[in-house]
Each structure stands twice: as structure tokens, then as C-alpha cells.
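Novice: fold the stuff below for me.
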Amino acid sequence: MNISEETLRKLLVFQKNEITEHHIYQKLALTIKSAENRHVIENIARDELHHYNTWRTYTKKDIAPERWKILKYYWLSRIFGFTFGVKLMERGEENAQNDYGQLLKEIPEAEAVIDEENQHETSLLKMLNEERLRYIGSIVLGLNDALVELTGAMAGLTLALQNTKLIALTGSITGIAAAFSMGTSEYLSTKAEATLKNPLRASIYTGVAYLITVLVLIFPYLILKDYYICLICTLLGAVAIIAVFNYYISVARDEPFRKRFLEMAGLSLGVAAFSFLIGFLLRTFLGIEI
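Specialist: Okay, the predicted model is just below:
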């Protein structure tokens, strides 16, 4: 089989990717409780090994997997959920499929590999139904409310109080009380809607998301002295939370990142700016000095 040097180099890269993904899917299959879903992942792992052997017939070389990549996607899947880890990895496979198409003239088997990779995506989409994705609406509720309400509150308190400890104390009380309030509201709302979601779990997801956001936003006021620097850090923390969360959603649910990110960031920062102005006006008109 005569193939060009460029094609050979590509095949060696594909070979390494296939054997690496074989090991990733194999490890992930051991963590899946559902027998049906585990069977799907084990079949994909076998297909990846078959693809590796297909390319090996051309390269005549054995290639070791990328151990760091195996660990990376394995732990991403364990920490952030199977859906996120696998879909992030599948994004890389989409680029590989485009490259496979370039090999069709020299390697007829590339068409079968492309078809199987497309089948993988279909199989994964059918099985991906994690609890954390079913409750994503509850997480969004907790995050969004905390970001909008607390960034605004912290901005207003910063100018009104001008004391990092007082701001941290007031913000903590406000945030913790609001987290319990939001959790309770989500419990009652979910129970009233009679959805498939468990009301208690929905309330926990909402409350925990709110509390984590509160901790991130208040933290600068606990360690820094300059309240203006604290406010800047808080706003940057809010933007970072929005970016990470929306990246997670964009990968797990195949939704656009930019639009959601700009919308959430604009709301949070807009409310913060308005609250900062309100704090300035109240401090000026009431003549309060702390």
C-alpha cells in the first residue's frame, strides 16, 4: 500500500488519538452504573481500538496512548460529569473526522471510520441524561440570582459602608439568607409544577449554587484592605463564574457560549453599576459617614 509521507504522518496522529480514546472510554465505562449505558460506552471503546488497528495496517507501527489525556478526560468526567467530559472530547473528534475526509482518495477504509464516528455521537446523545443536567435550571436559578443580586448589593455596600469587614459581614448575612430563601422557593415551585425533578434535590442545587457564588464574591473583602480593589476582584470573580458556567453549558448542551455569556455578564455588571450609583446617592443625600 503506497501512501504519501504526509498521509503517513496524519495516520500516526490518528492512531495515537484512537488508542487514547479507547482507553478513556474503557475507564469511563467502569464508572457508569446503568448497564445499558455502560454497554454503549464499551462498544465505542471497541470501535476506537478497531480504528487504531485500521490505521496500524498502513503505518506498521505500535503507538502508545497519551497518558495525560486519559487522566485529563477521565477526571473531567468524574468531576464535572460524564456528559461534559465526553462531549468535550467529541469536539476534538469532529476535527479529526474532517481530516479523515481528506484521506478518502488514498485510504478507502476512512469512510467506514467516519460513519462509525458519526454513530458514536448519535449513541452518546441518546444516552446522556445526567442528574446534574436535569437540574441545570435549578443551578441557573441559583447562580443567576446570586450574581445579579449580590454583585449589586456588594457594589452598593462598598460605597455606602467603605469598610471591608462591615461589607463582608453585611454581604454574608444577605447572601446566606437569600440562599435559603431561593432554595425554599425552588422547592415549592418544583413541587407545584409536578415535574420529574425531585423538589428537595432541586432546592439543594439552587441553594448550593447560590452559596458557592456568595463565597466567591465575598472572599476578596475577607483578605484585602482596599474596598475598591475588593469590588474589582468581586466583579472579576462574577465574570469568571459566568464564563466557566456558560462554557460548561455550551459543551454539555451544545448551546452557543458567546450570547449566553454576554447576556449574564451584562445583567450582573449592569445591576452592580446601578447599585453603586444608588449607594453613592444615598450616602450623599443622607450624609452618612462610617
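Novice: so which other helices or strands are in contact with the helix or strand harbouring Trp55?
Specialist: For Trp55, the host element (DSSP states H and E) is helix 35-59. In terms of contacts (3 or more Cβ pairs under 8 Å, 6 or more residues apart in numbering; DSSP states H and E), helix 35-59 is packed against helix 5-29, helix 110-127. Backbone N, C-alpha and C define where each C-beta goes, glycine included.
Novice: mind checking which of the ones you listed is nearest Asn53?
Specialist: helix 5-29 (8.7 Å; Cβ to Cβ).
Novice: and the gap between the residue lying closest to Thr158 once chain neighbours are set aside and Gln162?
Specialist: Spatial nearest neighbour of Thr158, chain neighbours left out: Leu231 (4.6 Å); criterion: Cβ to Cβ, 6 or more residues apart in numbering. Computed as Cβ to Cβ, to the nearest Å, the Leu231 to Gln162 distance reads 11 Å.
Novice: of these two, which one has the most company?
Specialist: Leu231 (23 against 15; other Cβ atoms under 10 Å).
Novice: run a quick neighbour tally on Ala112.
Specialist: By other Cβ under 10 Å, the burial measure for Ala112, its neighbour count, is 13.
Novice: tell me who's in contact with the residue nearest to it when sequence neighbours are not counted.
Specialist: Excluding the flanking residues, the one nearest Ala112 by Cβ to Cβ, 6+ apart is Thr54, at 8.0 Å. Taking Cβ atoms under 8 Å, 6 or more residues apart in numbering as the criterion, Thr54 is in contact with 109, 112-113.
Novice: how about those in a markdown table, adding pLDDT?
Specialist: Formatted as a markdown table, the contacts of Thr54 follow (pLDDT from 0 to 100):
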| residue | pLDDT |
| --- | --- |
| Glu109 | 71 |
| Ala112 | 72 |
| Val113 | 72 |
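Novice: closest to Ser77 out of the residues you listed?
Specialist: For those, the nearest to Ser77 is Val113 (23.6 Å; Cβ to Cβ).
Novice: these two touch, right, the closest one and Asn53?
Specialist: No: using Cβ atoms under 8 Å, Val113 is not in contact with Asn53, being 11.1 Å away.
Novice: who's more crowded, those two?
Specialist: For Val113 and Asn53, the more surrounded residue by other Cβ under 10 Å is Val113, and the numbers stand at 22 against 12.
Novice: what about that one, distance to His51?
Specialist: Counting by Cβ to Cβ, the gap from Val113 to His51 is 5 Å.
Novice: separation between Arg78 and Tyr228?
Specialist: 40 Å.
Novice: now do the SS call for Tyr65.
Specialist: To be clear, residue 65 is Pro; Tyr isn't right here. Secondary structure, DSSP: H, G, I helix; E, B strand; the rest coil: Pro65 is coil.
Novice: wait, what's in contact with it?
Specialist: By Cβ under 8 Å, 6+ apart, the residues touching Pro65 are 16, 19-20, 22-23.
Novice: which one is it nearest to, not counting chain neighbours?
Specialist: Of all residues not flanking Pro65 in the chain, Thr20 sits nearest, at 4.2 Å (Cβ to Cβ, 6+ apart).
Novice: so the one you found touches Lys69, yeah?
Specialist: Yes: in this structure, Thr20 is within contact of Lys69 by Cβ under 8 Å, at 5.2 Å.
Novice: which stretches of the stretch 51-200 of the chain form helices?
Specialist: 67-80, 82-101, 110-127, 131-134, 136-161, 164-193, 199-223 (DSSP state H, counting those that start in this stretch).
Novice: report the backbone C-alpha coordinates of stretch 228-238 in CSV.
Specialist: Output of stretch 228-238 as CSV, limited to C-alpha atoms (Å, rounded to 0.1, in the frame of the first residue of the first chain):
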residue,chain,number,x,y,z
TYR,A,228,-12.3,49.5,45.8
ILE,A,229,-9.8,46.7,44.9
CYS,A,230,-12.2,44.3,46.6
LEU,A,231,-15.0,45.4,44.5
ILE,A,232,-13.0,45.0,41.3
CYS,A,233,-12.0,41.5,42.4
THR,A,234,-15.6,40.7,43.2
LEU,A,235,-16.7,41.8,39.7
LEU,A,236,-13.9,39.8,38.1
GLY,A,237,-14.9,36.8,40.2
ALA,A,238,-18.5,37.2,38.9
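Novice: this completes my enquiry, with thanks.
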